[in-house]
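Student: Pasting the sequence and the predicted coordinates here, then a few questions.
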Amino acid sequence: MKEFLQVLRRFVPPYKRYLVLSVIFNILSAILNVFSFATLIPMLGILFQTGNTGRATALMPVTLSNLKESLMNNMDYYVSQLISSLGPTTTLLIIGIALAFMTFLKTGAYFLSSATIVPIRTGVVRDIRNQLYQKINALHLGFFSEERKGDIIARMSGDVQEIENSIMSSLDMLFKNPILIIVYFGALLLISWQLTLFTIVFVPIFGWFMGMVGRRLKARSIKAQALWSDTMSQVEETLGGLRIIKAFCAEDKMNRRFDEVNTAYRDNIMRVNIRQQMAHPMSEFLGTVMIVIVLWFGGMLVLNSKTIDGPSFIYYMTILYSIINPLKEFSKAGYNIPKGLASMERVDKILAAEIDIKEPSQPRSIGSFEREIELRDVSFSYSQAGDDPAWVLRHVNLTIPKGKTIALVGQSGGGKSTLVDLIPRYYDVQEGQVLIDGVDVKQLGLHDLRSLIGNVNQEAILFNDTFYNNITFGVDNATKEDVVRAAKIANAYDFIMESEHGFDTNIGDRGGRLSGGQRQRVSIARAILKNPPILILDEATSALDTESERLVQDALFKLMKTRTTVAIAHRLSTIRNADEICVIHEGQIVERGTHDELLARDGYYKKLYDMQQ
């Protein structure tokens, strides 16, 4: 219950007004329920002529000391007046109409109490999904290299849905049932305190049995949700690797892998659900046992001690039976809530994840790039704090003047991509500094910093949207003429206009309807439209055929004339005109100079060049 209340304290406060309305309507519903059932007493007195109805000859003042006697006396008085003036059958009809009217009010209040909970349930689930999505966007890239995409998708879908089904569906239980139980319990004490004290003995036993059955549910639910994540991860990997699966005739192998994970999930969730299904039968049985015992004890009070009359005892049993349902709902929630808390733990792994790339408390503003980018004695490792660092970059010093093109070459895994990722702060250095115009990038606002930089990556990352929306991604005020000009510079205009709807054509998931070269040219058009002063090209032409490469290289050459460019390349022919080429080997710059200077040295660069020739 403590964990459940903590979840509510985190997410429910924005919906306080709905909560207050729900509590008001629940109190109204409970009071109306008690008074509507009270009409049973005079109705039974008239029907069975017990002699109770009509005994009162005058009204009594209602006080706390004689609350029960005064209420019963006054009700008898009004009923006796009706019987004497209208007759018993008409009186019975009037009481029945009063019962129907109070039931109408009670059910209306019940509906309104449930209806005001719905905005809380749906709003909290929306807020959790929004927080998850915003946190995913805020987390550093290193977080996702340690997590499977399928697992993250499972947390946003299955786990959040489980929170709605388990925790949020129990809000009614928390705000409705305690009110009903308190009001009904007060009515039971008022009718017969002796019978109520006898009944109370069985309630703790009832609760203990229900708790005993549900204690292991949370642990099983955590395992079930973990297996669901494995299932989603398998689906995500299959969708991403269908071409390879088919090429290597591995369909049967993948089917077996999926069946193993899916069967394990089914077996675990089956045990969870079987245990959960015990809630209703057990509560029904224990409730019936309690009713039988109370009937026996109450019957002795009616027949032997005469401390309570027959109609009042039936009224008591009606209220008692009404209090059982809220108690059953509590027991049902005792099964549901642990499942939701298990999912909440998994969601909190993302929500509570540390954001390593943090905005400075007082960021320095930078509106333009004026002089140079400098990497000063930079060392970097992907290892977490406390681990022995495996240095990817070590003591790197590099100055990139404004308007110059610096190329990075070297073996795969040497640290080229990592180096350029430090400039827009996708990662932060462990040692040294990355400076733009003499200001450490850690002191700049992330939005200001990244707005200065345009990226064209080796893998063209596009979205399932139109050409137009992909090119204008991140640029809010672009005109159609700007988009057309960017497409023309990137040599993408012709194939875009040849598509079915031109710039309004949808390019499919990750640009799946386009060739590799077309995808790359669209991503280049996107970078051109952003018009950044700093351009990072991470093997931007590696996916292009010979003809496309020539066209795009020409476009990039014109684009790079007015920009500071950092270009990573494996094909040395694409960067021979760079102002400076840096050869990176095992995380260090081992050579630097122009193309001709490096060839003349007969070092690493000359070996790379000769291998490509």
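Tutor: Thanks, I have the structure now.

Student: And for V347, the neighbour number?
Tutor: 22 (other Cβ atoms under 10 Å). Where you see a C-beta, it was placed from the backbone N, CA and C, and this is true even at glycine.

Student: Could you verify my assumption that L422 touches I373?
Tutor: No - contact criterion Cβ atoms under 8 Å: L422 and I373 do not qualify, at 10.2 Å.

Student: Overlap of the contact sets of the two?
Tutor: Residues touching both L422 and I373 by Cβ atoms under 8 Å, 6 or more residues apart in numbering: V434.

Student: Give me the more crowded residue out of these two.
Tutor: More neighbours surround I373 than the other of L422 and I373, with 23 against 20 (other Cβ under 10 Å).

Student: Just say helix, strand or coil for the closest residue to that one other than its chain neighbours.
Tutor: Nearest residue to I373, sequence neighbours excluded (Cβ to Cβ, 6 or more residues apart in numbering): I400, at 4.2 Å. When classified by DSSP: H, G, I helix; E, B strand; the rest coil, I400 comes out as strand.

Student: Spatially nearest residue to R129, not counting backbone neighbours?
Tutor: Spatial nearest neighbour of R129, chain neighbours left out: V160 (5.7 Å); criterion: Cβ to Cβ, 6+ apart.

Student: Report the contact partners of that neighbour.
Tutor: The contact partners of V160, taken as Cβ under 8 Å, 6+ apart, are 125, 128-129, 132, 343, 347.

Student: now, among those residues, which is nearest to D377?
Tutor: Using Cβ to Cβ, L132 is the member of these that sits closest to D377, with 38.3 Å.

Student: Please tell me how far the most centrally placed residue in the chain sits from I291.
Tutor: Central residue of the chain (Cα atoms, centre = their mean): R129, 3.1 Å from the mean position. Per Cβ to Cβ, to the nearest Å, R129 is found 44 Å from I291.

Student: quick one on the thing from earlier: count of neighbours near the residue nearest to I373?
Tutor: Other residues lying near I400 total 21 when counted by other Cβ under 10 Å.

Student: For it, give me the pLDDT.
Tutor: Confidence at I400, expressed as pLDDT, is 91.

Student: Surely S322 is in a helix?
Tutor: Yes - the assignment for S322 is a helix, going by three-state DSSP.

Student: for the residue lying closest to it once chain neighbours are set aside, phi and psi?
Tutor: Here the nearest residue to S322 in space, its sequence neighbours aside, is Y184; by Cβ to Cβ, 6+ apart that works out to 5.8 Å. Dihedral pair for Y184: phi -60, psi -40, per degrees, to the nearest 10.

Student: what's the answer for V409, then?
Tutor: Dihedral angles for V409 - degrees, to the nearest 10 - are phi -130, psi 170.

Student: okay but it is in contact with K606, surely?
Tutor: No - using Cβ under 8 Å, V409 makes no contact with K606, being 11.7 Å away.

Student: Please identify which of these two sits among more neighbours.
Tutor: V409 (26 against 15).

Student: beta partners of that one?
Tutor: V583 (DSSP bridges).

Student: measure it to D377 for me?
Tutor: Taking Cβ to Cβ, one finds V409 at 22 Å from D377.

Student: K607 too?
Tutor: Look at K607 and D377: by Cβ to Cβ, they are 27 Å apart.

Student: Check V590 too.
Tutor: Taking Cβ to Cβ, one finds V590 at 16 Å from D377.

Student: Looking only at neighbour counts, state which of the two leads.
Tutor: Under the criterion of other Cβ under 10 Å, the comparison of V590 against D377 puts V590 first, with 15 against 12.

Student: Okay then, goodbye and thanks.
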